[in-house]
Structures are given as C-alpha cells and as structure tokens.
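J.: prediction below, plus the sequence it came from.
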Amino acid sequence: MTGTGTAMLRPEHPVPRSLSQLVADFGFEASERVDSVEVSGVTVSSAAVEPGDLYVGLPGTRVHGASFAADAAASGATAVLTDAAGAVLAEGAGLPVLVTEDPRAALGDVAAWVYRTEENTATFFAVTGTNGKTSVVYVITAVLGQLGVRSGLSSTAERRIGDVAVTSSLTTPEASELHGLLARMREAEVRAAAVEVSAQALSRHRVDGIVFDVAGFTNLSHDHLDDYASMDEYYAAKLELFTPDRARRAVVTIDDEWGRRLADESRIPVTTLTSVEGIDADWRVELGEQTIDRTGFTLVGPDGRSLTTSIPVLGAFMATNAALAIVMLVESGFDLEAIGQALERDGGIQAYIPGRAERVSGERGPALFVDYGHTPDAFERALSSLRVVTPGRIIMVFGADGDRDTTKRAAMGAIAARGADEVIITDFHPRYEDPAAIRAALIAGALDAVPDAEVLEVADQRAAIRTAIQHATEGDVIFYAGPGHEDYQEVAGVHLPYSARDDARLALREAGWLS
Ligand SMILES: CC(=O)N[C@H]1[C@@H](OP(=O)(O)OP(=O)(O)OC[C@H]2O[C@@H](n3ccc(=O)[nH]c3=O)[C@H](O)[C@@H]2O)O[C@H](CO)[C@@H](O)[C@@H]1O[C@H](C)C(=O)N[C@@H](C)C(=O)N[C@H](CCC(=O)O)C(=O)O
Ligand SMILES: Nc1ncnc2c1ncn2[C@@H]1O[C@H](COP(=O)(O)OP(=O)(O)OP(=O)(O)O)[C@@H](O)[C@H]1O
C-alpha cells in the first residue's frame, strides 16, 4: 500500500522531551527561558509542522527557513532553532528562538536526541553509489521478508515500513525526517532498515546522528557534476560514509576503480565484492542463467561458502546489486546458509523493485521495460544485458533531465546509439531548460558516436512510446529509460501527471499486445 504525505516520517506516539535539557545538552543560545517548554518532534518544513515541534529554520538557496517561523508557530511549533540571521527573521513569531552557528550541522544530532535514535536496536544498512542504491535496499528488505524479519526502507521511490509506504521526493530525506522515520520504525517493531544515502545527503548532513551497522557501495560513475566540481569531489562525498562516525563496517563492490580506491581509503573494516573476473575480492559474483525476467547468479565467499540463487529482474548489474545486498546481510550477522534456504524455498529472491528495469509488457508482443536509468553507466549496463536476452531489435526511448548535470548528455546519446538498434529521443523533466536544446545535445552525442545510427526525435513522451511500439514486433525489446517509478513530468516548476509505466501499459493495450 503506497500513499503520499509526511505522516510516516515521525513517530505516531512521540514522547516529549524538555527543551531546556536540549538547550543545555547542545549549548544553544536561547532568546528566553524555556523551562516549561517541551518538544516532541522536529521539522525543517513549515508545511510539515505539528503541535509540539521544534521548527528548524535553515538558510536555503532560495529563502531562509526562519522567515516561516510565524507559520510554524500557527501550526503549533513550540520553538525555533536557527542561525543568527534567522533569529532576526524569527522575531515577532512569538516563539522562543534557539541560536546556533550552523543549524543544518546540528539538525541530525538534535533530531536523534528528540526521537531517541540511540534507543533503536534495529540493524541499520546504508547503501551508496551512483547506480543501484534503490535496487539494493529493495533486495535487502525482500530477503529480510523471506527470512521472516520485519523491515523498513528509505529510498528514492518510497519510504516503507512493512507493507505500508509513502512516496519520496528526495533520495535521502532531511535528517529530521530520517530520524522521525526510524522512530516510527521502532514503534512498528522493525528489526532492520535499509537507507539509500546520496552524495548530496552526505554533503548536507542528512544522515548525521546515525551510525549504520553496515554501509554498502555499489559503483561510481559520471553523474551529479552540476553539484560537484569533479569526480574526485563526488567520490570524496561518498567516502564520508565510510568513517567510524557513520558506519561500523563496509561492503564495497570493487568492479570499478572508485570502489577499489574506496576499499583502500575507507576508515572502517571493509569486505570486498566483485563480479569482474581477474579482480581479487572476498566475495565473487558468478553470473548464471539470464532470461528476460530473471537473472541467476552464484555468490562465492570466503571459507568455501557459496549461495546460488536468482533475482526476478534482467541484467548482470542486478545480480551484482543482489549479491551486495546478501553480503551486507551476512556482514550484519545473518547466516548465509539460512538465507540460501529461504531463497531456495521461495524459488529465488522475490524482490519487486519499482521502475528499475520493470517489465510492463505481457507474454505477447515486444518486451517493454520502464527504467530509472539516467547515467551513461546505467545505459551501458542495461543495453549490454539486454543484448544477451534479446532475439530481435532493441529500441531505446529516453530523454535527459533539465537543470541537472549537462555534461553527461553526449555520453548518454553515444552509448544508446552504440548499444541499441533504434534510438528515440524524447523529453524527460525539462524543468526550466529549453527541451529542444536537451534533445539536440542527446542527438548530437548519438550521431557523433554512430553517424548512421537510427535516431528519431519525438518530443512528447506519450507519442515516443507509441512510436517505439509501432516499430517493434515479437522478439524485440523496448527499453524506456528515465521515468522509472515516477508519476509526473516536471516542466517549468509544474509537476504534470505522467506515469510512464501506466502510459506504456495503455499503449501496449492500444496496440493489442496487452489485454
Ligand atoms: C540543493 C538541495 O539539496 N536543496 C535542498 C534544500 O533546498 P533549498 O536550500 O533550496 O531550500 P529553500 O527552498 O531555499 O528553503 C530553505 C528552507 O526553508 C524551508 N521552507 C521553504 C519554503 C516554505 O514555504 N517553508 C519552509 O519551511 C525549506 O524546507 C528549507 O528547509 O532543502 C530542501 C528542503 O529540504 C530540499 O528539498 C532541497 O532539495 C532539492 C529539491 C534537490 O533537488 N536536491 C537534490 C540536489 C538532492 O538532494 N538530490 C539527492 C540525490 C538524488 C540522486 O541520487 O539522483 C537526494 O538525496 O535526493
Ligand atoms: N549496479 C548497477 N550498475 C549500473 N547501473 C545500474 C546498477 N543498478 C541499477 N542500475 C541502473 O541505474 C538505474 C537506477 O537504479 P537505482 O534506482 O537502483 O539506482 P540509485 O543509485 O538508487 O539511483 P537513484 O538514487 O537516482 O534512484 C536503474 O534503473 C538501472 O538502469
């Protein structure tokens, strides 16, 4: 069951704590005496304030959060925490104002204090890397489910406790929401939780106040170079997770050079994993049978331990993601043999990973996948895996994000042109950019790499998927990369309703391929 909203991002039955104790513990400056004030929640969004909350006014890129102190007061906040500039803005809101130099840097520890995160005895997993984070957290919780362990997750697609979920906006929520979610999980008697941790989250204090039991690394490749000046800086942000303040031990996929560097530079104990022949690691993934709906693999570990299973998604990269999830579980204390028995009983891993190489077609007609890939590396891996299982042609439909890393567009076009038989360039989230210019950059990348490539430009996403279906037949594959699980298209600040999965199913029905 999936809903929207922020209700799940805080405990249902919070236990208030004394604000004066918070002031004393953290050494904040307070504008007035707060002896009788209590605090039962924390938020950085005035729209999410509930009675009893500490409202944290963060300086933002667009506006100072403290300018919404009066709104927070009207919704029942009991105090404001902000910086010196924010204190001026919060004057007149009628709330005690606590001041600290960098409220964002304080937020995680404050939220951990208010929500008593240290009382949470569940096992916490963190997953970072450019691609595969969402897939890994879903596999972790799927395997936990197969072991009969109650779990929760925080991902780009959803925040989930048991089988109740809310949709996400950020990959990693602000620290106040993350600690609230963990508190809610504690109430729900969740025994293990898997959290996707983005580089931006590490750079912006979003996982402060949590020490993960096991941190996993998938891979690092070109992305987010709008946020980071170089790949080295992007890597350095990820490396932050692999320090004693943030995690106790690590499982690092060392298929790429960044993983190998991370395994060397990590400041916590590392277990390594690889799927590349010739690389020496503690655990090895050997690819088994690959079909369009399932990928088999054997995981071979130290001391002759091994496990053979499969994941219900296509792609060698998904086998590596699943292997990482299993090694993380083993490193946290789960028994490999017990995992193997549970998976064997169920006919392999029973993970549903929304919008990641998700097949939306039926038995007849071309196979159609909707995917969240939006990096050159994701395209490369998906297309090479598809080639193995596709008897016919591969038609790739995709666009690129507006107002995000523009330097990856040429490579996305080039890889699509090299790996697919036909490329249809469409719009994704243009945001405030000119969509025609985004398409032109993708097309130029494709034609520079493969001058005689079959490249079509169909701006409208609905028309693009229908063109692909018209051009495809039994045995062909349509790979629609970009929208994944999302249910909107973002144009000039407006979210227009659009679900690629629903629309692709509808288009297949219109074509008579799906009943
Ligand atoms: C660059 C960045 O991280 N920006 C985040 C930041 O926005 P901002 O500094 O612009 O905030 P602002 O709009 O100026 O507002 C300042 C403060 O006032 C508050 N406010 C604002 C308006 C209001 O009416 N009431 C109110 O309380 C805001 O909650 C905020 O705390 O704080 C906001 C509130 O938490 C975030 O939503 C926003 O993420 C934006 C949407 C974003 O796109 N972030 C990306 C870069 C990101 O973090 N991505 C990663 C990785 C994704 C991936 O792997 O692909 C992620 O973890 O999602
Ligand atoms: N191990 C992998 N290596 C390369 N590409 C991958 C891997 N796993 C998944 N992908 C591709 O990357 C896309 C995003 O996967 P996933 O959502 O699991 O990654 P992510 O790291 O969570 O990214 P995001 O935070 O943007 O959701 C998938 O749709 C797929 O195309």
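T.: Perfect, I can see it now. Ligands and ions are numbered 1, 2, ... in the order given.
J.: helix, strand, or coil at F68?
T.: When the structure is split into helix, strand and coil by DSSP: H, G, I helix; E, B strand; the rest coil, F68 lands in helix.
J.: check contacts around it.
T.: Listed by C-beta atoms under 8 Å, 6 or more residues apart in numbering, the contact partners of F68 are S46, Y55, G57. Bear in mind the C-beta positions are built from the backbone N, C-alpha and C, glycine included.
J.: please redo it, this time with the cut-off set to 7 Å
T.: Shown here is F68, whose contacts under the criterion C-beta atoms under 7 Å, 6 or more residues apart in numbering are S46.
J.: also L368?
T.: By C-beta under 7 Å, 6+ apart, the residues touching L368 are V360, S361, I478, Y480, A504, L508.
J.: let's see it at 6 Å
T.: Taking C-beta atoms under 6 Å, 6 or more residues apart in numbering as the definition of contact, the neighbours of L368 are V360, S361, I478, A504.
J.: check I415 too.
T.: With contacts defined as C-beta under 6 Å, 6+ apart, the neighbours of I415 are P376, F379, E380.
J.: next, give phi and psi for the residue in the stretch 351-500 of the chain that ligand 2 sits nearest to.
T.: Sorted by distance to ligand 2 under C-beta to the nearest ligand atom, the residues of the stretch 351-500 of the chain start with G373, at 3.0 Å. As for G373, its main-chain torsions (degrees, to the nearest 10) stand at phi -60, psi 130.
J.: which non-adjacent residue is nearest S46?
T.: If you skip the residues right next to it in sequence, S46 has F68 as its closest partner in space, 3.6 Å away by C-beta to C-beta, 6 or more residues apart in numbering.
J.: what's the residue nearest in space to the middle of the chain sitting at in phi/psi?
T.: Geometric centre of the chain, nearest residue: T156, 3.6 Å, by C-alpha atoms, centre = their mean. For T156, the backbone dihedrals are phi -60, psi -30 (criterion: degrees, to the nearest 10).
J.: isn't it right up against T134?
T.: Yes - using C-beta atoms under 6 Å, T156 and T134 qualify as a contacting pair, with a distance of 5.1 Å.
J.: give me the neighbour count for A122.
T.: Using other C-beta atoms under 10 Å, A122 is surrounded by 18 other residues.
J.: quick one: contacts for it?
T.: Remark: with contacts taken as C-beta under 6 Å, 6+ apart, A122 is in contact with V190, R191, A192, A193.
J.: secondary structure class for H495?
T.: At H495 the chain is in strand, as set by three-state DSSP.
J.: no wait, G148
T.: For G148, the secondary structure call by three-state DSSP comes out as coil.
J.: excluding its backbone neighbours, what's nearest it?
T.: Counting by C-beta to C-beta, 6+ apart, the nearest residue to G148 once its immediate chain neighbours are dropped is A342, at 7.9 Å.
J.: thought the one you found was touching G145?
T.: No - A342 is beyond contact range of G145, at 9.3 Å (criterion: C-beta under 6 Å).
J.: more neighbours, the two?
T.: When A342 and G145 are compared on other C-beta under 10 Å, the one with more neighbours turns out to be A342, at 20 against 17.
J.: what's the more buried one sitting at in phi/psi?
T.: Here is the backbone geometry of A342 (degrees, to the nearest 10): phi -60, psi -40.
J.: got it, and I161?
T.: Backbone torsions for I161, taken as degrees, to the nearest 10, come to phi -130, psi 120.
J.: same check on the one 5 residues further on?
T.: Backbone torsions for V166, taken as degrees, to the nearest 10, come to phi -120, psi 150.
J.: the nearest residue to it once chain neighbours are set aside and F479, how far apart?
T.: Counting by C-beta to C-beta, 6+ apart, V166 lies nearest to M8, which is 4.9 Å off, once chain neighbours are set aside. Using C-beta to C-beta, to the nearest Å, M8 is found at 33 Å from F479.
J.: ok, those two, which is more surrounded?
T.: Comparing M8 with F479 by other C-beta under 10 Å, the one with more neighbours is F479, at 26 against 22.
J.: residue contacts, that one?
T.: Contacts of F479 by C-beta under 6 Å, 6+ apart are F369, M396.
J.: just how off-centre is the helix or strand hosting it within its chain?
T.: With the criterion set as DSSP states H and E, the secondary-structure element containing F479 is strand 477-481. If you compare the mean C-alpha spot of strand 477-481 with that of the full chain, they lie 21 Å apart, counting by C-alpha atoms, centre = their mean, to the nearest Å.
J.: re the thing from before, and for the spatially closest residue to the residue of the stretch 351-500 of the chain closest to ligand 2 that is not a sequence neighbour, the neighbour number?
T.: Ranked by C-beta to C-beta, 6+ apart and with sequence neighbours excluded, the top spatial neighbour of G373 is A481, at 4.2 Å. Close neighbours of A481, defined as other C-beta under 10 Å, add up to 26.
J.: so what's A481 bridging to?
T.: Here A481 sits in beta bridges with D371, F398, as judged by DSSP bridges.
J.: now the contacts of A122 in TSV, with distance to L22?
T.: Converted to TSV, these look like this (distance: C-beta to C-beta, whole Å):
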residue	distance to L22
V190	26
R191	29
A192	29
A193	25
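J.: which among those residues end up buried?
T.: Buried residues within those, defined by neighbour count using 16 or more other C-beta atoms under 10 Å: V190, A192, A193.
J.: show me what contacts the nearest residue to the last one once chain neighbours are set aside?
T.: This points to A193. The spatial neighbour of A193 that comes closest, neighbours along the chain excluded (C-beta to C-beta, 6+ apart), is G152 at 4.3 Å. Under the criterion of C-beta under 6 Å, 6+ apart, the contact list for G152 reads R160, I161, M185, V190, A193.
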